[in-house]
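*Asks:* take this sequence and fold it.
(2 chains)
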Amino acid sequence: EAGVVQSPRYKIIEKKQPVAFWCNPISGHNTLYWYLQNLGQGPELLIRYENEEAVDDSQLPKDRFSAERLKGVDSTLKIQPAELGDSAVYLCASSPENTGELFFGEGSRLTVL
Amino acid sequence: GNSVTQMEGPVTLSEEAFLTINCTYTATGYPSLFWYVQYPGEGLQLLLKATKADDKGSNKGFEATYRKETTSFHLEKGSVQVSDSAVYFCALSELNRQLTFGSGTQLTVLP
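*Replies:* Coordinates of the predicted model:
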């Protein structure tokens, strides 16, 4: 069974440019998460989806970040415009219903110059 | 709110040494507790979990016991290997929703 797939693995952009990350969760997993991981720190939740609905986006900086999960499967996380402080790894995870166990992708490493 | 505090690293051990990585938590209810591991260049993966007090999670020689009285979930292994070198994250989840992670502990095992 395929795991959580993320792309791109690496992205380097200049500040003020837009960037988008894509995630394909494990088939059948209704819950999808986007986490932010800064260097030397644990992941922090940005947004959680139950099917198509964003049920927790309280930590998403909505002035520049947006996310969508059309049809309750793939998801896209966008940053526009990017700032230097956005340099981090963006992790996508999915979970079977009501297990609390998350399956993570390899992450998308963003460098903003 | 919920939080997880982990023993700060990095931790460097010789092969076959005993490992303990401390983890304590703060939660309003009765969380499930997890240890995740991140090997170099790979994504986070679940190492073990415990869902209620006094449960012991175990996998690949690692163990952790859910201690409600001390709000702890310390990770232990009796004899580490070079291949155990990774970053270890303690995490909790209430009502099986999102995970709250600790800051991670870098483990390096020397041959």
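*Asks:* which residues touch the spatially closest residue to A:Pro25 that is not a sequence neighbour?
*Replies:* Excluding the flanking residues, the one nearest A:Pro25 by CB to CB, 6 or more residues apart in numbering or on different chains is A:Ser94, at 3.3 Å. Using the backbone N, CA and C atoms, a C-beta is placed for each residue, glycine as well. Each residue near A:Ser94 by CB atoms under 8 Å, 6 or more residues apart in numbering or on different chains is listed here: A:4, A:25-26, A:29, A:31-33, A:102-103.
*Asks:* do B:Leu19 as well
*Replies:* Residues near B:Leu19 by CB under 8 Å, 6+ apart: B:11, B:13, B:75-77, B:80, B:84, B:107.
*Asks:* kindly write the PyMOL command that selects the buried subset of these.
*Replies:* Entered in PyMOL, the line below selects the buried ones among the contacts of B:Leu19, by 16 or more other CB atoms under 10 Å in any protein chain shown:
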select buried, chain B and resi 11+13+75+77+80+84+107
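*Asks:* just the ones of the contacts of B:Leu19 in strands?
*Replies:* Within the contacts of B:Leu19, residues falling in strands by DSSP state E are B:11, B:13, B:75-77, B:107.
*Asks:* where does A:Glu1 land on pLDDT?
*Replies:* Looking at A:Glu1, its pLDDT reads 67.
*Asks:* closest point of chain A to chain B, which residue?
*Replies:* Checking chain A residue by residue against chain B with CB to the nearest CB singles out A:Gly42 as nearest, at 3.3 Å.
*Asks:* next, A:Ile47: secondary structure please.
*Replies:* At A:Ile47, secondary structure determined by DSSP: H, G, I helix; E, B strand; the rest coil is strand.
*Asks:* spell out which parts of chain A neighbour chain B.
*Replies:* Proximity of chain A to chain B is assessed by CB under 8 Å from any CB of the partner chain, with A:3-4, A:33, A:40-45, A:48, A:56, A:91, A:93, A:98-107 identified as the residues in range.
*Asks:* from those residues, list the buried ones, please.
*Replies:* With neighbours counted by 16+ other CB under 10 Å, the residues of chain A next to chain B contain buried members at A:4, A:33, A:42-43, A:45, A:48, A:91, A:93, A:100-107.
*Asks:* tell me the pLDDT of residue 55.
*Replies:* With no chain named, the answer covers chain A. Each residue has a pLDDT score; the one for A:Val55 is 88.
*Asks:* wait, I meant chain B there
*Replies:* Listed pLDDT for B:Asp55 reads 96.
*Asks:* these two touch, right, it and B:Ala64?
*Replies:* No. Contact between B:Asp55 and B:Ala64 fails when scored by CB atoms under 8 Å: they sit 9.2 Å apart.
*Asks:* more crowded one of the two?
*Replies:* B:Ala64 (26 against 14; other CB atoms under 10 Å in any protein chain shown).
*Asks:* neighbouring strands for the helix or strand harbouring that one, and are they parallel or not?
*Replies:* For B:Ala64, the element it lies in under DSSP states H and E is strand B:62-65. Note on strand B:62-65: by DSSP bridges, its sheet partners are strand B:56-59 (antiparallel), strand B:75-77 (antiparallel).
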